[in-house]
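>>> fold the following.
(chains A and B)
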Protein chains: 2
Amino acid sequence: MSRGNIYVVTAPSGAGKTTLVRALLAADHKVQLSVSFTTRAPRTGEVNGKDYNFVSREEFERMIAASALLEHAEVFGNYYGTSQPWIESMLSQGQDILLEIDWQGAQQVRRLLPEAIGIFILPPSIATLEERLRGRGKDSEEVILRRLSAAREEISHVDEFDYVIINDHFDEALRDLVAIVRAERLKLGRQSAFHQAMIASMKG
Amino acid sequence: MSRGNIYVVTAPSGAGKTTLVRALLAADHKVQLSVSFTTRAPRTGEVNGKDYNFVSREEFERMIAASALLEHAEVFGNYYGTSQPWIESMLSQGQDILLEIDWQGAQQVRRLLPEAIGIFILPPSIATLEERLRGRGKDSEEVILRRLSAAREEISHVDEFDYVIINDHFDEALRDLVAIVRAERLKLGRQSAFHQAMIASMKG
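All right, here's what the predicted structure looks like:
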């Protein structure tokens, strides 16, 4: 059985990452989103095991202590993280997994799984990003400026990724993302493992 | 100006390489086929500078002596080869170039241009390959057996390539090829070079 690929998708807030990833998952049923563990309370409509695995703070801290997390972070007093045994089990079954995380999470993943394929999504410009953040019309000026500053911080890590997608036109950016996921499956190592017997028989 | 990519496509005879490459070029106008130099006589309908650059044996041997060939081979008494200055000039203009050559040519190209992206196209099985070669209905048994043996020889070099496409269903194999060409343009190095100023401005 050939091992699955692990794709790590990172972007500054406002770059359109979530919409792109959702469209990728609809277009390519062979890749599955990783379900994070979190200690925050479920919001209305969120389903345990689908949107997140909701766990208690004690449970999460036990996972940290047991080194069972591929990456984790504390945001506004809540823990978020990815279970390493879950990822390992999926990959070893040949399942492709996609992680939507920030640059810090991506660094942690790369340290433990150097084969992770890093994809960074950029807005076409900071002006566009600002426009998009303002367009939501739900945030105060202070929040917008903090998000912009966080976006620059995120973008300063673009060089740590394998691929860069510029989300100027959604359809093109989606085609880019679909192409990367597809092409990575065609790499020699994966194809050799997946079609080992067939290729061996053809070499004669 | 960002440098173009060089794609090297190799396959055993009967794997469907030429049809796939033709369809790729129709689907993706940013990639251009390399035009080989040859000493063989033009066939009816072949256009100089488009199908091949037709040159005399003396001219070709001058190119060999001047190390002006990225790769070359002699087949049935005729020379075939790729001009290095032409490839260099295209790549430095940002043009993506595709070479359709055999494993020996691919090895020569990789030696001089290690960044070349190698794509190997496999038939789904030797039986299918044999069927396809026989299906042409124009070759003698002896020729078919020689082609099959050459195909196995070619396939024994699959591990020297970056990507492997299995041409079982034409549409899927074409999507594979299109995805590889597209994804390779999204690699960090190329995107950084191409969008240098924009990315720098966003890092703030």
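>>> confidence score at the nearest residue in space to A:Ser156 that is not next to it in sequence?
Take A:Ser156 and drop its neighbours on the chain: the residue closest to it by Cβ to Cβ, 6 or more residues apart in numbering or on different chains is B:Lys203, 4.7 Å away. C-beta: built from backbone N, CA, C; applies to glycine. Predicted confidence (pLDDT) for B:Lys203: 82.
>>> contacting residues around A:Leu33?
Contact analysis of A:Leu33 by Cβ atoms under 8 Å, 6 or more residues apart in numbering or on different chains lists A:21, A:25, A:97-98, A:100.
>>> chain A against chain B: which residues are in contact?
Neighbours of chain B within chain A, by Cβ under 8 Å from any Cβ of the partner chain: A:122-126, A:129, A:152, A:155-156, A:158-159, A:161-166, A:175-176, A:178-180, A:182-184, A:186-188, A:191-192, A:195, A:198-199, A:201-204.
>>> please repeat the previous calculation with a cut-off of 7 Å.
Contacts of chain A with chain B, taken as Cβ under 7 Å from any Cβ of the partner chain, map to A:122, A:125-126, A:152, A:155-156, A:158-159, A:161-166, A:176, A:179-180, A:182-183, A:186-188, A:191, A:195, A:198-199, A:201-204.
>>> just the buried subset of these, please.
Among those, the ones that count as buried by 16 or more other Cβ atoms under 10 Å in any protein chain shown are A:122, A:126, A:155, A:158, A:161-166, A:176, A:179-180, A:182-183, A:186-188, A:191, A:195, A:199, A:202.
>>> give me the subset of the residues you listed that lies in helices.
A:126, A:155, A:176, A:179-180, A:182-183, A:188, A:191, A:199, A:202 (DSSP state H).
>>> A:His29 belongs to a strand, doesn't it?
No: under the criterion used here (DSSP: H, G, I helix; E, B strand; the rest coil), A:His29 is coil, not part of a strand.
>>> and it, how many neighbours?
Counted with other Cβ atoms under 10 Å in any protein chain shown, residues neighbouring A:His29 total 7.
>>> for chain A, just list every one of the helices.
In chain A, the segments counted as helices under DSSP H are A:17-27, A:57-65, A:84-92, A:103-112, A:126-135, A:141-155, A:170-185, A:188-194, A:196-203.
>>> in the third one, what's buried?
It stands for helix A:84-92. Judged by neighbour count (16+ other Cβ under 10 Å), helix A:84-92 contains these buried residues: A:84, A:86-87, A:90-91.
>>> still on that earlier bit, look up how far A:Thr10 lies from the residue nearest to A:Ser156.
To A:Thr10, B:Lys203 is 14 Å away according to Cβ to Cβ, to the nearest Å.
>>> same check, this time on A:Ile101
6 Å.
>>> try A:Leu33
14 Å.
>>> do I have it right that A:Ser13 meets A:Ala151?
Yes: look at A:Ser13 against A:Ala151 with Cβ atoms under 7 Å: they come within range, at 6.1 Å.
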